[in-house]
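*Asks:* Following is a predicted model, sequence given first.
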Amino acid sequence: METWKKNLREIEPYTPGDQPNKAGMIKINTNENPYPPAPGVLKAIKEFEPDKLRLYPNPESLPIVEALADFYGRKKEEVFVGVGSDDVLAIAYMALFNSDKPILFPDITYSFYDVWAKLFRVPYRQIPLDENFRIKKEDYYAENGGILLANPNAPTSISESLENIEDIIKNNRDSIVIIDEAYVDFGGNSVLPLIDRYDNLLVVQTFSKARSMAGMRVGYAIGNPVLIRAMNDVKYSFNSYTMNLPALTFAVEAVRDKTYFEDTIQKIIRTRSWVMDDLKKLGFSFPDSKANFLFVTHKCCPAKELYEAMKRENIFVRYFNKERINNYLRVSIGTDEEMKKVVVFLEEYLKENNYI
Ligand SMILES: *Cc1c(COP(=O)(O)O)cnc(C)c1O
């Protein structure tokens, strides 16, 4: 072997969901929002002057930091912005997880968590969820170098109570607890109000799901100014201008339009509700979802078979070939029209193949 090859980093990367691009497809595999960004965003895009791209953007991402601080009633020193919450979380690993003790997160959760742990050489321990995919809070009272929980969790869609999450934070005052709230706006319970009481709590959210801007790559964290400063110190040691000017400009408009944000969420929640009723009638079961997706399993039809059949119909859902969850599909909530087609297809397929 050539000697230089010994210097290559070997790491198994995170595998994102497919991004197919087929005419007429129903793409419900990566939990994107089926509705467009707020009207103010579209207007700002049309009015954007390309000449502005000559200059570097604001290195502190101030326009969006201030808009978020305003929206959540926080100080700007309590807000960190990054290129999607993936970037925010990666920086949080570097800035906040520097103990020799393992960080803790569930065995079934966002599959990026162990990838970052390996990338940044942070020791970690995955704690099994119980048989109903619930967190046992006492598991997180063990000695640790930090805790990371998605709430609602992905891909299970389950939201844990504020009391349980607060108990975990309370019992871990010596380590940093990060709550990834990518889906919280769809009915979960945010721990944001707790940051005044717990200086070891960091809350991470994103524009990719409830704010319809996955393609723009904007995420943020809110927490104690000491945590935010540590994250900014890492960010400025790495790349000062991570947030590009269009993203900074357009994301502000998404935050300003609170009515559109809330209406879009309500539409998705209403769709989720009838889809749950219809899928139950077809023999599916799933946890009570507080996210913009369902985590479904069928009483007779194997998930992998259904995944392939849906794919042939240009209906893309997510299948995880992973122990404990390999008979489940994660189905994002699309528009009413899309979901009606999905339900019609499922009913036909299950009947034709004598599964119901
Ligand atoms: C989608 C998602 C993210 C990442 O979102 P970004 O697009 O990078 O903001 C982070 N955590 C969870 C649990 C997610 O589902």
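*Replies:* Everything's here; your move.

*Asks:* how far away is the residue in the stretch 251-356 of the chain that the ligand sits nearest to from residue 37?
*Replies:* Proximity of the stretch 251-356 of the chain to the ligand (CB to the nearest ligand atom) peaks at residue 291, 8.2 Å away. Every residue, glycine included, has its C-beta placed from N, CA and C. For residue 291, the distance to residue 37 equals 20 Å [CB to CB, to the nearest Å].

*Asks:* Quick check, the residue in the stretch 51-200 of the chain closest to the ligand?
*Replies:* residue 84 (2.8 Å).

*Asks:* so that residue makes contact with residue 219?
*Replies:* Yes: proximity of residue 84 to residue 219 meets the contact threshold set by CB atoms under 8 Å, at 4.6 Å.

*Asks:* Give me the common contacts of these two.
*Replies:* Residues touching both residue 84 and residue 219 by CB atoms under 8 Å, 6 or more residues apart in numbering: 206, 208.

*Asks:* residues contacting the closest residue to residue 283 other than its chain neighbours?
*Replies:* Nearest residue to residue 283, sequence neighbours excluded (CB to CB, 6 or more residues apart in numbering): residue 299, at 4.6 Å. Residues near residue 299 by CB under 8 Å, 6+ apart: 283, 284, 285.

*Asks:* Tell me how many other residues crowd the second one.
*Replies:* Burial of residue 284 is recorded as 22 neighbouring residues (other CB atoms under 10 Å).

*Asks:* So what sits opposite it in the bridge?
*Replies:* For residue 284, the beta-bridge partners under DSSP bridges are residue 298.

*Asks:* Does it touch residue 296 like I think?
*Replies:* Yes: between residue 284 and residue 296 there is a contact under CB under 8 Å: 4.7 Å.

*Asks:* For the residue lying closest to residue 174 once chain neighbours are set aside, give me the pLDDT.
*Replies:* Closest residue in space to residue 174, ignoring its immediate chain neighbours: residue 200 at 7.8 Å, by CB to CB, 6+ apart. Reported pLDDT at residue 200 in the predicted model: 98.

*Asks:* in this structure, which spans are strands?
*Replies:* Using DSSP state E, the strands of the chain run over 26-27, 79-82, 103-106, 124-127, 147-150, 177-180, 201-206, 219-223, 284-285, 293-298, 315-316, 318-319, 329-332.

*Asks:* mind checking which of these is nearest residue 47?
*Replies:* strand 79-82 (22.0 Å; CB to CB).

*Asks:* picking up where we left off before, present the strands of the chain as a markdown table; the columns should include distance to the ligand.
*Replies:* Listed next are these as a markdown table, based on distance: least, CB to the nearest ligand atom, whole Å:
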| stretch | distance to the ligand |
| --- | --- |
| strand 26-27 | 15 |
| strand 79-82 | 8 |
| strand 103-106 | 11 |
| strand 124-127 | 15 |
| strand 147-150 | 4 |
| strand 177-180 | 5 |
| strand 201-206 | 3 |
| strand 219-223 | 4 |
| strand 284-285 | 21 |
| strand 293-298 | 9 |
| strand 315-316 | 16 |
| strand 318-319 | 11 |
| strand 329-332 | 10 |
